[in-house]
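In: Prediction below, plus the sequence it came from.
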Amino acid sequence: MELINRESKTTVHLSVQYLLAGSWRPERARTVEFEKALLDSGLDFGQTQSRDNAFMLTRPQPSHLQVRIESPNPQVVSLLTLANNPQYECQMFGRDAEAVARSFLRTWPARQYQVLTVNCKIHHLYSATVHAFKYLWEERLGQAREDFRLLGNRPVAGGGLRLVMPPHAAAGGEPTSIQVRIESFLKEPKKIFIETAFSWPKPRITNAESGFDPTGYIEQTEQFAAEEVWNFLTRPEA
């Protein structure tokens, strides 16, 4: 009997972030133009919020979506698109992220853009037939439950693993750093929470015609989470 149900996979967070070189401020005329560009792409946001160095749009329906543009320091601009507990999967999120990127390029045009870093993060939940931490500790790691007596014989409600992989270029691709968290979901002990976070730290130059390609980054992260991370979690026999 399979202890982890692969078909139970639920996506609970999707995000893609670009860090760009340059200066930016949330000027009212431009943010209104940005909202119009998003609407022209089919994205209607019901809530907006503006601060001195940030602008945020939120759409609760039909699926949660949030866009944040901010300047964490005078020479860096962050463009973040995220969805918490989305009602759709990565493909549709990728389309929304593409629309956000196109709208940004349309609203703040430049001859070229220097992308400093790209970050993408995906959270999945899987259902288990046993307590998720029991599976991780005893089945996957082969450790003994009795070891917890060394912690003062206190009950352990959950826990997990954190894996950090430094920048590495595979098959001639861009250098990529990866972090993976696998842990029991405390709210529902028979669920396993997995965070897969990719970062592309090599700066590059792009323009409005080439775009930012969020779909490509999202697909890479999702594929790794659904295949390599799943195989690491379940250790299938060869």
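Out: That came in fine, so what should we check first?

In: so what's residue 209 up against?
Out: By CB atoms under 8 Å, 6 or more residues apart in numbering, no residues touch residue 209. Every residue, glycine included, has its C-beta placed from N, CA and C.

In: one more time with 10 Å, if that's ok
Out: Applying CB atoms under 10 Å, 6 or more residues apart in numbering, we find residue 209 in contact with residue 105.

In: now swap in residue 124 and tell me
Out: Taking CB under 10 Å, 6+ apart, we find residue 124 in contact with 8-13, 182, 191-196, 222, 225-226, 229-230.

In: Can you classify the closest residue to it other than its chain neighbours by secondary structure?
Out: Excluding its sequence neighbours, the residue lying closest to residue 124 (CB to CB, 6 or more residues apart in numbering) is residue 194, at 4.7 Å. When classified by DSSP: H, G, I helix; E, B strand; the rest coil, residue 194 comes out as strand.

In: returning to what we had before: just the ones of the contacts of residue 124 in helices?
Out: 222, 230 (DSSP state H).

In: Out of the contacts of residue 124, which end up buried?
Out: 9, 11-13, 182, 191-196, 222, 225-226, 229-230 (16 or more other CB atoms under 10 Å).

In: Hmm, residue 180 and residue 228 touching each other?
Out: Yes: the criterion here is CB atoms under 10 Å, and residue 228 meets it with residue 180 at 8.9 Å.

In: name the element residue 215 belongs to?
Out: helix 214-224 (DSSP states H and E).

In: which helices and strands does that helix pack with?
Out: The contact analysis (3 or more CB pairs under 10 Å, 6 or more residues apart in numbering; DSSP states H and E) places helix 214-224 against strand 4-21, strand 76-84, helix 90-107, strand 113-128, strand 176-184, strand 191-200.

In: what's whichever helix or strand comes after the first one in contact with?
Out: Pointing back at strand 4-21 there. As assigned by DSSP H and E, the chain's next helix or strand after strand 4-21 is helix 28-40. Here helix 28-40 makes contact (CB under 10 Å, 6+ apart) with 24-27, 43-45, 48, 50, 55, 57, 59, 67, 69, 96, 99-100, 102-108.

In: Partner strands of the next helix or strand after helix 28-40 and their direction?
Out: Where DSSP H and E defines the elements, the next helix or strand beyond helix 28-40 is strand 47-51. Applying DSSP bridges, strand 47-51 is found paired with strand 54-59 (antiparallel).

In: what's the model's confidence in the strand it pairs with, averaged?
Out: Rounded to a whole number, the mean pLDDT of strand 54-59 is 97.

In: Would you mark the buried spots in that strand?
Out: Buried, per 16+ other CB under 10 Å, within strand 54-59: 54, 55, 56, 57, 59.

In: where are the low-confidence patches of this protein?
Out: 1, 237-238 (pLDDT under 70).

In: Point to the residue nearest the middle of it.
Out: The residue lying closest to the centre of the chain (CA atoms, centre = their mean) is residue 121, at 1.7 Å.
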